[in-house]
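*Asks:* I'll drop the sequence and a predicted model, then ask my questions.
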Amino acid sequence: MSKEDYRDKIEEHRQSFEEEQKEQEALSRVARMNKNGSNNKKPKNTKRKTPLMTILFVIFILIPLSILVYFLKFYEPGSTIEEAEKNSSEEIVEIDKSGDKAVPVSTDKNKDGDKAKETSKKDAEKLASEQKAAEEAKKAEAAKNAEEARKAEAAKNAEQARNAEEARRAQAEADRKAEQARKAEEARKAEEAKQSANASTHTVKASENLYRIALNHYGDGSEATLAKIRAANGMSSNNISVGQVIKLP
């Protein structure tokens, strides 16, 4: 049932109650006049008392109807009394004591204010949530950039370390080869010095050549023997001249 249905029902009860009250007053007035024996005699000015029908109306109709309206419109299972009273403040049924009338009175004074406060609160919560989400996204982006920069720096350092290690290995290999070459040269020079120290000399005579000298001295005129004699004397060929002194290693 809507609020208008409740108001119409209360208005119907009020009108029926007024009609009954008027009928009772008329009957009471006629009965008093008949009792006093004169239709023109005014009734005594007695103090008006609350009619029984008003009490019965309030007890058996208005109060149950108010309770029914409360339970149908405002009561929610599980809600506290304070919340129910706050919700029920939207509409209250008051009794006009002067005319014994039940008049529904709407009390929506704070309804718009409450809605505005609730809307403002929701907007503030939404704005705070958006700001928080933006800050978290900003922090996540900064953390991501920092992590990427850290990884890039680590990769750069690793690359530099790898290049340095390769350069060190290449330098070590070059030093090793240079050392081997130096030792080989020293060995060659030592061998030449040894051969020079042990070598005898021969003065070339007429009709002698390098082959005959090698054959006479070593008993072997092979190319290997000739190459040894040439190396000992720094010769590039087998040509010799009379009177030339040659070393015979």
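*Replies:* Ah, there it is.

*Asks:* which secondary structure elements does the helix or strand harbouring residue 170 contact?
*Replies:* Assigned by DSSP states H and E, residue 170 belongs to helix 111-198. Judged by 3 or more Cβ pairs under 8 Å, 6 or more residues apart in numbering; DSSP states H and E, helix 111-198 is in contact with helix 223-233. Every C-beta, even on glycine, is put in place using the N, C-alpha and C of the backbone.

*Asks:* Quick one: mean pLDDT over the helix it packs on.
*Replies:* For helix 223-233, mean pLDDT is 89.

*Asks:* do stretch 238-249 as well
*Replies:* Throughout stretch 238-249, pLDDT has a mean value of 87.

*Asks:* re the thing from before, can you list the residues that contact whichever helix or strand comes after the helix holding residue 170?
*Replies:* Using DSSP H and E, the next helix or strand after helix 111-198 towards the C-terminus is strand 200-203. Residues from elsewhere that reach strand 200-203 (Cβ atoms under 8 Å, 6 or more residues apart in numbering): 213, 217, 243, 244, 245, 246, 247, 248.

*Asks:* export those residues to CSV and tack on secondary structure?
*Replies:* Converted to CSV, those look like this (DSSP: H, G, I helix; E, B strand; the rest coil):
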residue, secondary structure
213, helix
217, helix
243, coil
244, coil
245, strand
246, strand
247, strand
248, strand
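
*Asks:* Now residue 221: phi and psi?
*Replies:* Phi and psi for residue 221, reported as degrees, to the nearest 10, are phi -110, psi 30.

*Asks:* number of nearby residues for it?
*Replies:* For residue 221, the count of nearby residues is 16 (other Cβ atoms under 10 Å).

*Asks:* what does residue 227 give?
*Replies:* Using other Cβ under 10 Å: residue 227 sits among 12 other residues.

*Asks:* sec struct for the residue located most distally from the centre of the chain, please.
*Replies:* In the chain, the residue that sits farthest from the middle, by Cα atoms, centre = their mean, is residue 206; the gap is 105.6 Å. Three-state call for residue 206 (three-state DSSP): coil.

*Asks:* which among the contacts of strand 200-203 gets closest to residue 9?
*Replies:* Set against residue 9, the nearest of those by Cβ to Cβ is residue 247 (148.4 Å).

*Asks:* Surely that closest one touches residue 235?
*Replies:* No - with contacts counted by Cβ atoms under 8 Å, residue 247 stays clear of residue 235, the gap being 10.1 Å.

*Asks:* For residue 156, see how far away residue 233 is.
*Replies:* Per Cβ to Cβ, to the nearest Å, residue 233 is found 61 Å from residue 156.

*Asks:* higher neighbour count, those two?
*Replies:* Taking neighbours as other Cβ under 10 Å, residue 233 and residue 156 compare with residue 233 leading, 17 against 10.

*Asks:* and the more buried one, what does it touch?
*Replies:* Residue 233 makes contacts with 246, 247, as judged by Cβ under 8 Å, 6+ apart.

*Asks:* Keeping just the C-alphas, turn the helix or strand hosting residue 56 into CSV.
*Replies:* Per DSSP H and E: residue 56 is located in helix 52-57. The C-alpha trace of helix 52-57 is given here as CSV (Å, rounded to 0.1, in the frame of the first residue of the first chain):
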residue,chain,number,x,y,z
LEU,A,52,-15.6,7.0,24.4
MET,A,53,-15.6,6.6,20.6
THR,A,54,-12.5,8.8,20.3
ILE,A,55,-10.6,6.6,22.8
LEU,A,56,-11.8,3.4,21.0
PHE,A,57,-10.8,4.9,17.7
